[in-house]
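J.: After the sequence you'll find the predicted model.
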Amino acid sequence: MKYRHAFHAGNFADVHKHVTLNALLRALARKDKGFLLLDTHAGRGGYDLSSSEAHRGHEAEHGIERLIDVTPPAAGWPAEISDYLTAVQTLRRERHDRAAYPGSPLLALLALRAQDRAVFIESQPGEHAALREAVSEFARYAPASLAAPRRAAVDRATLECADGYGRIAAWLPPIERRALVLIDPPYEDAVGDQRALAQALDTVLARLPSAVVAVWYPIKDQRATDAWIQRLTARLPAPPDAATMPWLVGELCVHPPDSRVGLNGSGMLVLNPPWRIAERMREWLPVLHHALDPLGRGGWTVREGAA
């Protein structure tokens with residue numbers, strides 16, 4: 001059976017990934033010029049946390065639901081966490097559904113501007129059909145004051161049922177010459193996915209060396225993960241106009257990084273990170289970790305480098 005994210009929607013890794021994605025979208029929007037978001041593994045767009053799939057592991061209880069219920073810090077949530085919570089609560093309020101949870105496509109549509117575009121690719125026909133419905137509902141459930149801009153956002157989004165890796169070359173470089181590429185594979189076949197991911201990074205950087213690339217990855221054994229990240233970043237090509245390729249890693253663990261529980265942590269590798277993203281990540285990531293791991297069993301880290 002193919003991977004279905006509905007079993008894990010809203011868990012701590014989703015929260016970490018989506019806060020990071022939202023932060024990157026906001027950072028790119030600091031410039032007036034538009035950009036393309038290319039989401040290679042888009043999933044079904046939105047999720048029902050009251051479904052039997054979501055209830056099987058109760059993972060959202062330790063992710064988005066815990067974050068919503070926890071008391072904010074005295075100084076308030078950092079902007080990146082606050083923006084993410086606002087997006088989730090906006091979707092729930094509009095749909096009168098406390099169990100609704102936005103995947104990366106709906107989060108992106110809430111953040112993209114009139115000059116931005118999105119391409120959402122999902123390979124599984126059933127999940128792709130659900131994605132189409134979720135994107136359609138994004139405009140249909142909007143309040144009257146937002147109906148027109150929501151429909152315009154949907155019109156600027158392209159949905160494909162295809163292999164996301166195989167479609168990268170078709171979409172890059174975009175006419176905007178700016179892009180954020182989100183790569184979030186299931187890692188069902190760890191070796192195969194890692195090999196395909198490395199080839200995908202080669203394609204992205206060959207087509208658009210300045211692209212911001214965000215890669216999500218699971219952390220099960222920290223030593224193995226660190227070795228993989230080292231191999232992956234060491235082979236990155238330097239862009240034509242620079243001596244090195246800058247990269248950033250942000251990781252959140254809610255279990256000891258060598259525990260046998262399964263998924264101990266969540267990682268995001270960002271190539272060509274936007275200005276101040278690392279600085280801001282060092283502000284919001286420890287706050288997010290404290291909220292999701294109050295017993296301090298895991299940890300967080302932000303690392304920068306250049307290949």
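T.: That came through fine.

J.: what about the helices in the stretch 1-150 of the chain?
T.: According to DSSP state H, counting those that start in this stretch, the stretch 1-150 of the chain carries its helices in the segments 12-28, 52-57, 64-69, 79-95, 104-111, 125-140, 144-155.

J.: the helices in the stretch 201-307 of the chain, which residues?
T.: 222-234, 277-292.

J.: residues near the nearest residue to L269 once chain neighbours are set aside, how many?
T.: Nearest residue to L269 in three dimensions, chain neighbours excluded: V215, at 4.4 Å (C-beta to C-beta, 6 or more residues apart in numbering). No exception for glycine: its C-beta is placed from N, CA and C like everyone else's. Other residues near V215 number 22, with proximity taken as other C-beta atoms under 10 Å.

J.: Was I right to think V215 contacts L197?
T.: Yes. Between V215 and L197 there is a contact under C-beta atoms under 8 Å: 6.7 Å.

J.: between the two, what contacts are shared?
T.: Jointly contacting V215 and L197 under the rule C-beta atoms under 8 Å, 6 or more residues apart in numbering are I183.

J.: quick one: which of the helices of the stretch 201-307 of the chain is nearest R44?
T.: Nearest to R44 among those is helix 277-292 (23.5 Å), distances taken as C-beta to C-beta.

J.: Can you list the helices and strands that the closest one packs against?
T.: Applying 3 or more C-beta pairs under 8 Å, 6 or more residues apart in numbering; DSSP states H and E, one finds that helix 277-292 contacts helix 12-28, helix 64-69, helix 79-95, strand 246-253, strand 299-306.

J.: what's the closest of these to L182?
T.: Of those, nearest to L182 by C-beta to C-beta is helix 12-28, at 6.4 Å.

J.: packing partners for that closest one?
T.: helix 64-69, helix 79-95, helix 104-111, strand 179-183, strand 212-219, strand 246-253, strand 265-271, helix 277-292.

J.: Next up, the contacts around P185.
T.: Taking C-beta under 8 Å, 6+ apart as the test, what P185 contacts is T40, H41, D193, A196, L197.

J.: Please render the helices and strands packed on helix 12-28 as TSV that adds mean pLDDT to the earlier fields.
T.: TSV is the format used below for those (pLDDT from 0 to 100):
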stretch	mean pLDDT
helix 64-69	96
helix 79-95	95
helix 104-111	96
strand 179-183	98
strand 212-219	97
strand 246-253	97
strand 265-271	97
helix 277-292	98
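
J.: right, so of the ones you listed, which gets closest to S145?
T.: That would be helix 79-95 among these, by C-beta to C-beta, at 11.6 Å.

J.: For that closest one, what is the distance to the chain centroid?
T.: 15 Å (C-alpha atoms, centre = their mean, to the nearest Å).

J.: Buried ones in that helix, by neighbour count?
T.: E80, I81, D83, Y84, L85, A87, V88, L91, R92, E94 (16 or more other C-beta atoms under 10 Å).

J.: Looking at these, which one is closest to W247?
T.: E80 (19.3 Å).

J.: Just give the nearest non-adjacent residue to I64, would you?
T.: Leaving aside its sequence neighbours, I64 is closest to G10 (4.2 Å, by C-beta to C-beta, 6+ apart).

J.: hang on, isn't that neighbour packed against L67?
T.: No. Between G10 and L67 there is no contact under C-beta under 8 Å: 9.5 Å.

J.: so what's V215 up against?
T.: Contacts of V215 by C-beta under 8 Å, 6+ apart are I183, D184, L197, L201, M268, L269, V270, L271.

J.: cutoff 10 Å now
T.: By C-beta atoms under 10 Å, 6 or more residues apart in numbering, V215 lies in contact with 40, 181-185, 197, 200-201, 229, 232, 247, 249, 267-271.

J.: partners of it in the sheet?
T.: Applying DSSP bridges to V215 yields these beta-bridge partners: I183, L269.

J.: Tell me the spacing between it and L263.
T.: Between V215 and L263 the distance is 16 Å, computed by C-beta to C-beta, to the nearest Å.

J.: quick one on the thing from earlier: quick one, which of G10 and L67 is more surrounded?
T.: G10 (27 against 22).

J.: which secondary element of this protein has the worst mean pLDDT?
T.: Sorted by mean pLDDT, DSSP states H and E, the helices and strands of the chain end with helix 52-57, the least confident at a mean of 71.

J.: Got the confidence number for the residue lying farthest from the centre of the chain?
T.: Residue farthest from the centre of the chain, counting by C-alpha atoms, centre = their mean, is A144 at 28.7 Å. Note on A144: pLDDT of 89.

J.: ok so, going back, and the residue nearest to I64, what is it in contact with?
T.: G10 neighbours (C-beta under 10 Å, 6+ apart): 18, 47, 49, 54, 59-67, 88, 99, 101-103.
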